[in-house]
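Enquirer: quick one: sequence and predicted model below, then my questions.
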Amino acid sequence: MCRHLGYLGPAVPIASLVHDPPHSLMRQSYAPRDMRGGGTVNVDGYGVGWYPTPGQAVRYRRVGTLWSDANLAQLSRITSSGAILAAVRSATVGMPIVETACAPFTDGQWLFSHNGRVTDWPGSVADLAGTLPTTDLLTLDAPTDSALLWALLRSRLATTPPARAVADVVAEVAAAAPGSRLNLLLTNGSVLVGTTWTHSLWVRRADDAVTVSSEPLDDDPRWREVPEGHVVTADPSTVDVQPMGRR
Ligand code: GLN
């Protein structure tokens, strides 16, 4: 399945996460180490989101392979931010390979990514989708599970704290579509929320910064694996890991 990462801390170049580390997101796109049976490589698309000004995310996303985008490699070296979310995509069989299906999904301050798949898509979650306003369904980024998860989550974020909203969406989708793989990652530029639901996730807090990543970016011993079935809420000074309840 896909790989994703999030960073909060002192401003760093996007390349310091996406291109440069020994096990960068770019390397994870062609040589991931821990896909748990969900595909082999992540070559269907990629995207990165960051904050030129606090509270307003921008996003760059494309179809294809991250390593062949020389323009992004160059821009990533001169573009720095204190909050970054990036992803590479391995499209689930049957889902369209289009730019708008690539994470991060965004709205205002929010950036979102999904690593996994919804079992028996789309029938399993048709009722859940039906709880959304019709306009939200008509304006989905793409007809994919990840885009629907983003719509379900976004509709809660106005009224529910981010970690609660993310855990609620995982619980509801897991109940409707058992066996789904639901590693979600969300940020508003000040807090990162990630879940482990059948896929790997690691967190490193160091040097006034926190990084959450599907796979460790290097061999720094400060990387900690987030246990299965948990939600991690992190900012540069705190990492909180809580169980999400029975599967
Ligand atoms: N199912 C999602 C998609 O097709 C996410 C894929 C993944 O995690 N590999 O975009």
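Expert: Happy to help now that I have it.
Enquirer: for the ligand, what are the nearby residues on the protein?
Expert: 1-2, 39, 89-92, 95, 101, 114-117, 144-146 (Cβ under 6 Å from any ligand atom). C-betas here are computed from N, CA, C, even on glycine.
Enquirer: gap between the residue located most distally from the centre of the chain and the ligand?
Expert: Largest separation from the mean C-alpha position in the chain: Thr134, at 25.0 Å (Cα atoms, centre = their mean). According to Cβ to the nearest ligand atom, to the nearest Å, Thr134 stands 23 Å off from the ligand.
Enquirer: how near is that residue to Trp150?
Expert: 17 Å (Cβ to Cβ, to the nearest Å).
Enquirer: who are the packing partners of the helix or strand that Arg205 is a member of?
Expert: Arg205 is part of strand 202-206 when elements are defined by DSSP states H and E. If you count contacts as 3 or more Cβ pairs under 8 Å, 6 or more residues apart in numbering; DSSP states H and E, strand 202-206 packs onto strand 209-213, strand 224-225, strand 230-235, strand 238-243.
Enquirer: could you single out the most deeply buried of those?
Expert: Highest mean neighbour count among those (mean count of other Cβ atoms under 10 Å): strand 209-213, with a mean of 23.
Enquirer: which helices and strands sit right next to that strand?
Expert: strand 3-13, strand 192-195, strand 202-206, strand 230-235.
Enquirer: so what strands line up beside that strand?
Expert: Using DSSP bridges, the strands paired with strand 209-213 are strand 3-13 (antiparallel), strand 202-206 (antiparallel).
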